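A.B. asks: just coords:
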């Protein structure tokens, strides 16, 4: 059952988000998704509302997606992207946020390299806070759009078998997907080198695999994560070549499955590292649908938070 | 000048073996008489301490006073006020000041400041750096530092990483019977880490510091101590594995001792959920199993000392993202309450053991003379109300900083007052 309004004033993560709230966001996104197919893609619900997009970390896709969602809802949008932490600029996150809020902003969207930064922000400002990715913690709107895309394709989430592949330790996409999908009754597994699987993740009701070929027989979809080439090669895995050999998702590998496996990726893709071109561009890839659905999901989240306030 | 007659208190003095209700007459800072129904001629203040405990003065052997260098966090004066309010007549101050305590002049500066703070009520015993600027590269002038008054040596916060330097430091310090105190942490495994590595760090997406990083260093150090036949003390132990290592060393009759902080026997890493920066300290809050091990170590005597790792940070410094916040919490004013509530009330240790861990044992580790509560001795006393219930309100702390995760905790037991060096401090 979907609720009629969100229980929380903020969307900080899917950890602990009630199933009804997830359901409500996914259901609400359906009508916004329809709007995106219209010739005029703009609707008025957030007219007169002001939203600040505070991106303390580089982002193209998520930032544009939020901005587009805000504009399609007729909100006034201001934003910035600043590399590095607020601290390195000499001003604290608290001061930056409070200054922006002093200009009468209704909601804040934040992307930050420090896990928990949006949670901290929610304590020091009045308005609603939406987490657009915090450190290695959560990226709730990404997981919601992943779930939306899966539901669109399979008609349900209950009982779906999803495997998240790659660097689970440093992934906010993985954690949010785990929290959200398990709440909705999907069966979630993770697959990656042991060096990239965080401690005790099994306790989040997740099965752990280290070999892709063991996974392929037992899943409906793979959510393939981006590998941070610069940071991790040589420390968490020996080389990109070896990673691709053992964890790269290739057509050859997928062809072993008896039924076709759906492929998702939060982007941006390192082609021929975690995903080969013939998979990324295949008919089983939902990558571009994910991008489109992302706008609808973010419209739904913004709309529901605004309606709640 | 302290002249007072303490009536009806329960005197617990492990050094003289006393545990009885007695009166203590103190004149000009010196104990004149201990006994039943002591009366006095002439005018003297009388304090009725019925139901209170009179113990030898407590020492916190792990405190950051922050001066010189970080006076916005704490000064020697506010640190002494915090110590006195918390029930301590002595503190050991750690060398991560600026400049570090790697030069005799810094020791003299601290001693001078300490003498003028509260009239010298709180004895300050500086712990000097093992290496110059605490960089782990070259030995600090340990003989000179020792002569100036260094009570022990530690590069606290920055463990001595190089095994050769550690070996030589142990050998050199042992010439003056001074222990090396180690903050045990294998830094290559904890880079970027901000909390214990485990289920909670996984769920919070915070970089972890595994407990084995602590065990590895203690393990190496115990090999070195055994080889060099020297004295070694583990600062703020936090893991079950580390406890096992120290237990083994003690069974082999080595001069190895250890301390635990109240937060490591009270809180687990579950407390980090919510990203409160006052749950960020180093070593980090560990698991339930580790907390249980700490209690067992306190009970069976493997853990000699309770020390606070009192680490003041200003309000603004903690008002940041979790990963950017500095490590550490204040502890002087909650240590006795937490220990009585969590250890004595729950029958893990007795009040006598509590006093040993706050006074007798740390003094012996540091080769300070026992405090004796008997006629002729200077009065160095901590007076505790073991049954008073109170709520922790950080704004009431005497410390300049209020960074504690214990705000709002209901505790039983608190210091009523302290007497030392012919000075007294009575809590309101």
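C.D. replies: Done, it's in. The structure presented is a predicted model; accordingly, all values stated were derived computationally and were not measured.
A.B. asks: would you mind measuring from the residue of the stretch 1-150 of chain A found nearest chain B to residue A:7?
C.D. replies: With C-beta to the nearest C-beta as the measure, residue A:137 is the residue of the stretch 1-150 of chain A nearest to chain B, at 2.9 Å. Every C-beta, even on glycine, is put in place using the N, C-alpha and C of the backbone. For residue A:137, the distance to residue A:7 (C-beta to C-beta, to the nearest Å) stands at 20 Å.
A.B. asks: who has more neighbours, these two?
C.D. replies: Each of residue A:137 and residue A:7 had its neighbours counted (other C-beta atoms under 10 Å in any protein chain shown), and the higher figure belongs to residue A:137 (28 against 11).
A.B. asks: now do the contacts for the closest residue to that one other than its chain neighbours.
C.D. replies: Distance criterion C-beta to C-beta, 6 or more residues apart in numbering or on different chains; nearest residue to residue A:137, sequence neighbours excluded, is residue B:205 at 2.9 Å. By C-beta atoms under 8 Å, 6 or more residues apart in numbering or on different chains, the residues touching residue B:205 are A:115, A:116, A:134, A:135, A:136, A:137, A:138, A:172, A:175.
A.B. asks: try it again at 7 Å.
C.D. replies: Contacts for residue B:205 (C-beta atoms under 7 Å, 6 or more residues apart in numbering or on different chains) come out as A:115, A:135, A:136, A:137, A:138, A:172, A:175.
A.B. asks: could I get the residues you listed as TSV with distance to residue B:154?
C.D. replies: Listed next are the contacts of residue B:205 as TSV, based on distance: C-beta to C-beta, whole Å:
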residue	distance to residue B:154
A:115	31
A:135	32
A:136	33
A:137	35
A:138	39
A:172	38
A:175	38
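A.B. asks: between the residues you listed, which sits nearest residue B:352?
C.D. replies: The shortest approach to residue B:352 among the contacts of residue B:205 belongs to residue A:115, at 44.7 Å (C-beta to C-beta).
A.B. asks: one step back: distance check, the residue nearest to residue A:137 against residue A:245.
C.D. replies: Distance, residue B:205 to residue A:245, by C-beta to C-beta: 29 Å.
A.B. asks: again with residue B:10
C.D. replies: 73 Å.
A.B. asks: cool, and residue B:190?
C.D. replies: From residue B:190 to residue A:245 the distance is 31 Å (C-beta to C-beta).
A.B. asks: centre-most residue in chain B?
C.D. replies: Nearest to the mean C-alpha position of chain B, counting by C-alpha atoms, centre = their mean, stands residue B:307 at 2.5 Å.
A.B. asks: so which helix or strand takes in the nearest residue to that one once chain neighbours are set aside?
C.D. replies: In this structure, residue B:307 finds its nearest non-sequential neighbour in residue B:62, 3.7 Å apart by C-beta to C-beta, 6+ apart. Counting by DSSP states H and E, the element that carries residue B:62 is strand B:58-63.
A.B. asks: quick check: next helix or strand after that strand?
C.D. replies: Next element after strand B:58-63 (DSSP H and E): helix B:76-86.
A.B. asks: more crowded one of residue B:190 and residue A:245?
C.D. replies: Neighbours were counted for residue B:190 and for residue A:245 using other C-beta under 10 Å; residue B:190 has more, 19 against 10.
A.B. asks: ok, the closest residue to the more buried one other than its chain neighbours - contacts?
C.D. replies: Leaving aside its sequence neighbours, residue B:190 sits nearest to residue B:209 (C-beta to C-beta, 6+ apart; 4.1 Å). The contact partners of residue B:209, taken as C-beta under 7 Å, 6+ apart, are B:190, B:193, B:195, B:196, B:197, B:284.
A.B. asks: how many other residues sit next to residue 196?
C.D. replies: In the absence of a named chain, chain A is used. 23.
A.B. asks: hmm, no, I was thinking of chain B.
C.D. replies: Using other C-beta under 10 Å, the number of residues around residue B:196 comes to 25.
A.B. asks: equivalent analysis for the one 10 residues further on, please.
C.D. replies: Residue B:206 has 28 neighbouring residues, counting by other C-beta under 10 Å.
A.B. asks: follow-up on the earlier one: state the pLDDT value of the residue nearest to residue A:137.
C.D. replies: Listed pLDDT for residue B:205 reads 97.
A.B. asks: where exactly do the helices run in the stretch 201-309 of chain A?
C.D. replies: Assigned by DSSP state H, counting those that start in this stretch, the helices in the stretch 201-309 of chain A fall at A:212-216, A:229-232, A:240-247, A:251-254, A:277-280, A:287-308.
A.B. asks: which residue, neighbours along the chain excluded, lies closest to the residue of the stretch 51-200 of chain B at minimum distance from chain A?
C.D. replies: As assessed by C-beta to the nearest C-beta, chain A sits closest to residue B:199 within the stretch 51-200 of chain B, at 4.0 Å. Excluding the flanking residues, the one nearest residue B:199 by C-beta to C-beta, 6+ apart is residue A:200, at 4.0 Å.
A.B. asks: close enough to count as contact, that neighbour and residue B:196?
C.D. replies: No - checked against C-beta atoms under 7 Å, the pair residue A:200 and residue B:196 is beyond contact range at 11.3 Å.
A.B. asks: confirm that residue B:21 sits in a strand.
C.D. replies: Yes - according to DSSP: H, G, I helix; E, B strand; the rest coil, residue B:21 belongs to a strand.
A.B. asks: if I look at it, how far off is residue B:51?
C.D. replies: According to C-beta to C-beta, residue B:21 and residue B:51 sit 10 Å apart.
A.B. asks: spit out the residues that contact the two alike.
C.D. replies: With C-beta under 7 Å, 6+ apart as the test, residue B:21 and residue B:51 reach no residue in common.
A.B. asks: around chain B, pick out the residues from the stretch 101-250 of chain A.
C.D. replies: A:112, A:114-117, A:119-120, A:135-138, A:172, A:175, A:198-201, A:203-204 (C-beta under 7 Å from any C-beta of the partner chain).
A.B. asks: out of those, which end up buried?
C.D. replies: A:112, A:114-117, A:119-120, A:135-138, A:172, A:175, A:198-199, A:201, A:204 (16 or more other C-beta atoms under 10 Å in any protein chain shown).
A.B. asks: how about the strands in the stretch 301-428 of chain B?
C.D. replies: Counting by DSSP state E, counting those that start in this stretch, the stretch 301-428 of chain B has strands at residues B:305-306, B:381-391, B:410-420, B:423-426.
A.B. asks: start and end of stretch A:81-92, how far apart?
C.D. replies: End-to-end span of stretch A:81-92 (C-alpha to C-alpha, to the nearest Å): 15 Å.
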